[in-house]
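Asks: Fold the following, please.
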Amino acid sequence: MKSSKIEKFEDLIIWQKSKDLSFMAYEKFRSHKDYSFRDQILRAAVSVMNNIAEGFERSGNKEYSRFLFISKGSCGEFRSMLYLGKELGYLNDKEFASFYQQSMEISKMLYSLIKRL
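Replies: Numbering: from 1, shown residues only. The predicted structure follows:
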């Protein structure tokens, strides 16, 4: 799926969006005292961007797809943690909605990319 315009994973809009999501999650939860929650939600967010990058660097669309599916799964894990965070009072409605919308957009983009591969 690598075209002449996209030479490295950093060129991918989907990777850029997932990096932004990870950064925002770190900004929100960096100093959170519930260490188990913080570590899990941050690992999920970072997994999204890292699996896009790792898959891109692998050889062949089959390998790439496999890592994109892992990334998509991490999007789901991130959203699941958002629900828990909201219920525990770690996120307000606006924060939840923003994170949720971003992760859904990334998940849809991942699905589209997987289908094209």
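
Asks: from here on, contacts and neighbour counts on C-alpha atoms
Replies: Will do.

Asks: Name the helix or strand for N50, please.
Replies: helix 35-57 (DSSP states H and E).

Asks: For that helix, which outside residues touch it?
Replies: 8-10, 15, 18-19, 21-22, 25-26, 29-30, 32, 63-68, 70-72, 74-75, 77-78, 81-82, 85 (CA atoms under 8 Å, 6 or more residues apart in numbering).

Asks: Would you list the buried entries among the residues you listed?
Replies: For the contacts of helix 35-57, a burial check counting by 16 or more other CA atoms under 10 Å picks out 9, 15, 18-19, 21-22, 25-26, 29, 64-65, 67-68, 70-72, 74-75, 77-78, 81-82, 85.

Asks: Among the residues you listed, name the ones in helices.
Replies: 15, 18-19, 21-22, 25-26, 29, 64-65, 67-68, 70-72, 74-75, 77-78, 81-82, 85 (DSSP state H).

Asks: Show me the shaky parts of this structure.
Replies: 1-4 (pLDDT under 70).

Asks: okay, now the nearest residue to L68 once chain neighbours are set aside: neighbour count?
Replies: Leaving aside its sequence neighbours, L68 sits nearest to I52 (CA to CA, 6 or more residues apart in numbering; 5.8 Å). Using other CA atoms under 10 Å, I52 has 26 other residues around it.
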